[in-house]
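J.: I would like to see how this sequence folds:
(2 chains)
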Amino acid sequence: MINYLLICRSLTYAQRVAKALENSGISAVVMRTPYEISSQGCGYSVKISEKRFSQAIVVLKTAGLSPLKVYTLYSDGHVMEAKGK
Amino acid sequence: MIYLDNAATTFVKPDSVRRAVMHAMNSYSSPGRGGYKYAMDAAEMTFRCRERAAKLFGVDEPEKIIFTFNATHALNMAINSLVSPGDRVVISGYEHNSVVRPLYRLGAKLSIASAGVFDADGMVSAFSEHITENTKAVICNHVSNVFGFILPVERIADICRQRGVPFILDASQSAGAVKINAKALNADFIAMPGHKGLYGPQGTGLLICKDGGEPIMQGGTGSNSLSYDMPGFLPDRLEAGTHNIPGIAGLLAGMEFVSGRSEERILHHERALISLLGNELKRIPKIKSFYSEERDLQAGVLSFTAEGVPGELVGEKLNQMGIAVRTGLHCSPLAHSTGGTIETGTVRVSVSYFNTTNDIYALVRGLKRIVKQ
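T.: Okay, here's the model as predicted:
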């Protein structure tokens, strides 16, 4: 199963992102950003499912929220930057 | 004990606040650190507290709600963000030492906009006169902690907006009772304690920021850890170190209590008690009280002096009767200078939602005995 990680600048920002998504019916989980992809040292991300990703981007754009980066999270724990997302 | 020192801190707290603090002690670690349940639950509660505050005070983004340890901490951050040494700052004649002392330490040039107690139009004129093109910031008390005078901050904020001068509001005695809308005021900063009108525990406060701010503490934020600078974004920039999580949990419960009753209802209750007290004090010889018949000019605080009886003695005798008030200068020598009570100080009575008319009558009976003696 593939999920997406929306990398956020801070915990509070991640919470806002998650809240905006949850209010639109998209399940969103705030979690610590895996260290290997955190360019800032420590941070928080929002995990969403692959199938809700496109909708999530629209919701966030409408809410004026934008993650720093987007990563694909594979079921084996491997992460890869989702270029162009 | 009949507690009438709510301007210092609200001593009687809602049961929900006590329960929230205990729950936090048993359930939460620190947010923004780990990714496990105790930390994430703490994070979720903290976010809800920011959202609650944002809703209560008309703020669009919860990140602009900064947790502080009290209003003094919040005011120091606000002042440090706007004022540099030697800057010209306009303040009201009713400011607390939590405003005056940081400005004095900075070496700011103070211009004091003053008018008599309860003279709202006079205050507006004074501010209008004192705010010039050289003014770096304006700082104004919403409600005087000595006299309960509700200053016309909306009109003062308007002058600041028209003249492009940053405005700091000290909402220490108003938050939770007198309605505040941050967006309408356009204040650059609004500082308040969590432990007075918001009924939270001591050790809590809020700073509402219009844009950014400058930290007075640097440390860990759980974000941007690779950088030796504090993060450039709110709230992290202004929140270094571990939060007072049980305090924030209690503050959330306190704000829910206030929202559940409405500030209007709370203020109406407090004003009714002050009105009763003011009218009763008029009938006691030798008592001079600072009381306004106009309810829009006075919140839940009233000061008085007793001719021939030092304020400290009045306070001591009331204490012996089981009545708690505060005497002296109330950390506001400037307000006392403006009100003409710097030589004697005053006895201050400050009520909360939990005080009753019986408390006021007990105080009045006590004062009659003291004055007679």
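J.: Looking from chain A, tell me which residue of chain B is nearest.
T.: Residue nearest to chain A within chain B (Cβ to the nearest Cβ): residue B:225, separated by 3.2 Å. Placement of C-beta: from N, CA and C, glycine included.
J.: Is the residue in chain A that chain B sits nearest to in a helix, a strand, or coil?
T.: Of all residues in chain A, residue A:41 sits closest to chain B, at 3.2 Å by Cβ to the nearest Cβ. At residue A:41, secondary structure determined by DSSP: H, G, I helix; E, B strand; the rest coil is coil.
J.: Show me where chain B has its helices.
T.: Secondary structure of chain B (DSSP state H): helices located at B:15-27, B:37-56, B:71-82, B:97-106, B:120-130, B:153-163, B:182-185, B:245-261, B:263-282, B:311-320, B:333-339, B:357-372.
J.: residues in contact with the residue of chain B most remote from its centre?
T.: Distance to the chain centre peaks in chain B at residue B:226, reaching 36.6 Å (criterion: Cα atoms, centre = their mean). When contacts are counted by Cβ atoms under 8 Å, 6 or more residues apart in numbering or on different chains, residue B:226 touches A:39, A:40, A:41.
J.: isn't the second one right up against residue B:222?
T.: No - using Cβ atoms under 8 Å, residue A:40 makes no contact with residue B:222, being 10.5 Å away.
J.: Looking at these two, which has the bigger crowd around it?
T.: Here residue A:40 and residue B:222 are compared on neighbour count by other Cβ atoms under 10 Å in any protein chain shown; more neighbours surround residue B:222, at 23 against 16.
J.: so what's the more buried one up against?
T.: A:11, A:42, B:31, B:32, B:33, B:236.
J.: how about the helix or strand encompassing residue A:21, does it reach chain B?
T.: Secondary-structure element containing residue A:21, defined by DSSP states H and E: helix A:11-23. Yes - figure legend: helix A:11-23 in contact with chain B (Cβ under 8 Å from any Cβ of the partner chain); contacting residues A:11, A:12, A:13, A:15, A:16, A:19.
J.: can the residues you listed go into CSV with extra columns for pLDDT, distance to residue B:252 and neighbour count?
T.: CSV is the format used below for the residues of helix A:11-23 next to chain B (pLDDT from 0 to 100; distance: Cβ to Cβ, whole Å; neighbours: other Cβ atoms under 10 Å in any protein chain shown):
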residue, pLDDT, distance to residue B:252, neighbour count
A:11, 93, 17, 26
A:12, 95, 15, 26
A:13, 94, 20, 27
A:15, 96, 14, 25
A:16, 96, 17, 23
A:19, 96, 16, 19
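J.: Switch these over to TSV; also include distance to residue B:16.
T.: As requested, these are arranged in TSV below (distance: Cβ to Cβ, whole Å):
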residue	distance to residue B:16
A:11	26
A:12	24
A:13	29
A:15	23
A:16	26
A:19	23
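J.: low-confidence ranges in the chain?
T.: Since you didn't name a chain, this refers to chain A. Low-confidence regions of chain A, defined by pLDDT under 70, span residues A:84-85.
J.: switch to 50 and redo it
T.: Scanning chain A for pLDDT under 50 picks out no residues.
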